[in-house]
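In: mind folding the following:
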Amino acid sequence: MKYLLVFAVVFIAVWLWRKNRREEMQSRPPPPPKPPAVGAPQAMVRCAHCGLHLPAADAIAGPGGAVFCSVAHRQAASP
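Out: Down below sits the predicted model:
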């Protein structure tokens, strides 16, 4: 009989602990979004002057929606 009582006390203690943990987790604000991982896929674009493929974040915008790999290539394409 005493084992049943010990089991009941342990069960209730674990249940209360888990209930409090759930409430604590729900009251926390969501974590901020993670930055993209190193090596994650990126959108690639092609230089309008030389044809080099480079990440869109590194590209330099030119006239008419064209993108270039460097300022020199953007200037060379300008009339």
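In: what segments of this protein are strands?
Out: Using DSSP state E, the strands found in the chain span residues 44-46, 53-55, 60-61, 67-68.
In: how far is the last one from where the chain is centred?
Out: The chain centroid and the centroid of strand 67-68 are separated by 26 Å under Cα atoms, centre = their mean, to the nearest Å.
In: quick revisit: of the strands of the chain, which is nearest Asn20?
Out: Judged by Cβ to Cβ, the one of these that comes nearest to Asn20 is strand 53-55, at 46.7 Å. Bear in mind the C-beta positions are built from the backbone N, C-alpha and C, glycine included.
In: and the closest one, how far out from the chain middle?
Out: So, by Cα atoms, centre = their mean, the centroid of strand 53-55 is 21 Å from its chain's centroid.
In: run through who's touching that strand.
Out: Residues outside strand 53-55 that contact it (Cβ atoms under 8 Å, 6 or more residues apart in numbering): 42-47, 69.
In: that strand pairs with which strands, and in what direction?
Out: Paired with strand 53-55 in the same sheet, following DSSP bridges, are strand 44-46 (antiparallel).
In: now the strand it pairs with: buried residues?
Out: Across strand 44-46, burial judged by 16 or more other Cβ atoms under 10 Å covers Val45.
In: can you tell me what sits against it?
Out: Counting by Cβ under 8 Å, 6+ apart, 52-56, 59, 67 sit against strand 44-46.
In: and the helices in the protein?
Out: Ranges of helices in the chain, per DSSP state H, are 2-27, 71-77.
In: reformat these as JSON lines; add distance to Ala37 and mean pLDDT.
Out: Below are the helices of the chain laid out as JSON lines (distance: least, Cβ to Cβ, whole Å; pLDDT from 0 to 100):
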{"stretch": "helix 2-27", "distance to Ala37": "25", "mean pLDDT": "89"}
{"stretch": "helix 71-77", "distance to Ala37": "30", "mean pLDDT": "90"}
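In: hmm, Ala42 is touching Asp58, no?
Out: For residue 42 the amino acid is Gln, not Ala. No - look at Gln42 against Asp58 with Cβ atoms under 8 Å: they stay out of range, at 9.1 Å.
In: need the max-distance pair from the contacts of strand 44-46.
Out: Greatest spatial distance among the contacts of strand 44-46 (Cβ to Cβ): Leu52 and Ala56, at 12.9 Å.
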